[in-house]
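*Asks:* below are the sequence and a predicted model; questions follow.
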Amino acid sequence: MAEAERITGTPEPEPGTGADPTAGAAAEAPAEAERGAGRGKRRIAALLLVACVVYLLDLGSKLLVVAKLENHEPIQVIGTLLQFSVIRNRGAAFSIGEALTIFLTIIAAAVILVIARVARKLYSLPWAIALGLLLGGAFGNLTDRIFRSPGVFEGAVVDFIAPAHFAVFNLADSAIVCGGILIVILSFRGLDPDGTLHKD
């Protein structure tokens with residue numbers, strides 16, 4: 001055995017020490033797993049932080065414009081190119097599908113559940129930001145659908161950002177679109193939510 005170890009270059013354990021060359025690797029595995037878990041928690045925290053910021057900005061802006069702008073003349077931000085004008089939208093983002101309010105509410109709830117599932121294996125900061133944008137936007141519009149008139153799960157979403165020759169939308173819509181674009185870019189670049197790169 002000693003001769004074989006001398007030929008292959010494997011160091012022979014000191015007599016009486018009981019040293020095992022694999023012991024170091026075995027000891028490093030739990031430490032690596034612990035570092036990975038810590039990184040995953042930080043990414044989830046980043047996701048939740050982005051989602052909370054988006055949700056609070058969306059909620060606050062809707063409360064403000066409903067109190068100050070609804071049933072009033074539009075406010076011109078950049079002439080007629082960009083105005084603030086409150087409308088109640090029972091459809092999806094950008095006033096699409098107004099006859100599908102309950103169905104859209106179910107989709108929003110499903111998106112939130114999918115994000116919660118993906119977050120369990122989230123180790124990528126860009127993905128955390130993208131999912132946070134989606135989560136905050138989905139919660140923002142879902143809040144309107146649950147609590148605003150005409151009723152639970154049929155509520156109209158408050159939209160107020162009105163560019164010229166374009167649909168009226170809100171901050172939640174913007175966050176959802178930005179999150180979706182970021183996810184497309186990350187997927188194009190081969191970055192998965194767990195932080196690994198893949199090549200098609």
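*Replies:* Received, thanks. As the structure is a computational prediction, the values presented were derived from the model and not from experiment.

*Asks:* contacts for stretch 118-127 next, please.
*Replies:* 36, 39-40, 43-44, 46-47, 128, 131, 182-183, 186, 191-195 (Cβ atoms under 8 Å, 6 or more residues apart in numbering). (C-beta placed from N, C-alpha, C; glycine too.)

*Asks:* got it, and stretch 53-61?
*Replies:* Contact with stretch 53-61 is made by 132-133, 135-137, 139-141, 143, 160, 170-172, 175, as judged by Cβ under 8 Å, 6+ apart.

*Asks:* where does the chain have low pLDDT?
*Replies:* Across the chain, the ranges flagged by pLDDT under 70 are 1-37, 91-101, 199-200.

*Asks:* from L48, how far out is the residue nearest in space to the middle of it?
*Replies:* The chain has L131 as the residue nearest its centroid, 1.3 Å off, counting by Cα atoms, centre = their mean. Distance of L131 to L48, computed by Cβ to Cβ, to the nearest Å: 10 Å.

*Asks:* and if you look at L135?
*Replies:* 8 Å.

*Asks:* between these two, which one's more packed in?
*Replies:* Of the pair L135 and L48, L135 is the one with more neighbours under other Cβ atoms under 10 Å, namely 26 against 16.

*Asks:* ok, back up a step: mind checking which of the contacts of stretch 118-127 are buried?
*Replies:* 40, 43-44, 46-47, 128, 131, 182-183, 186, 191, 193, 195 (16 or more other Cβ atoms under 10 Å).

*Asks:* of the residues you listed, which belong to helices?
*Replies:* Among the buried ones among the contacts of stretch 118-127, the ones falling in helices (DSSP state H) are G40, R43, I44, A46, L47, A128, L131, L182, I183, L186.

*Asks:* give me the nearest residue to the fourth one, chain neighbours excluded.
*Replies:* By that I understand A46. Excluding the flanking residues, the one nearest A46 by Cβ to Cβ, 6 or more residues apart in numbering is A128, at 4.3 Å.
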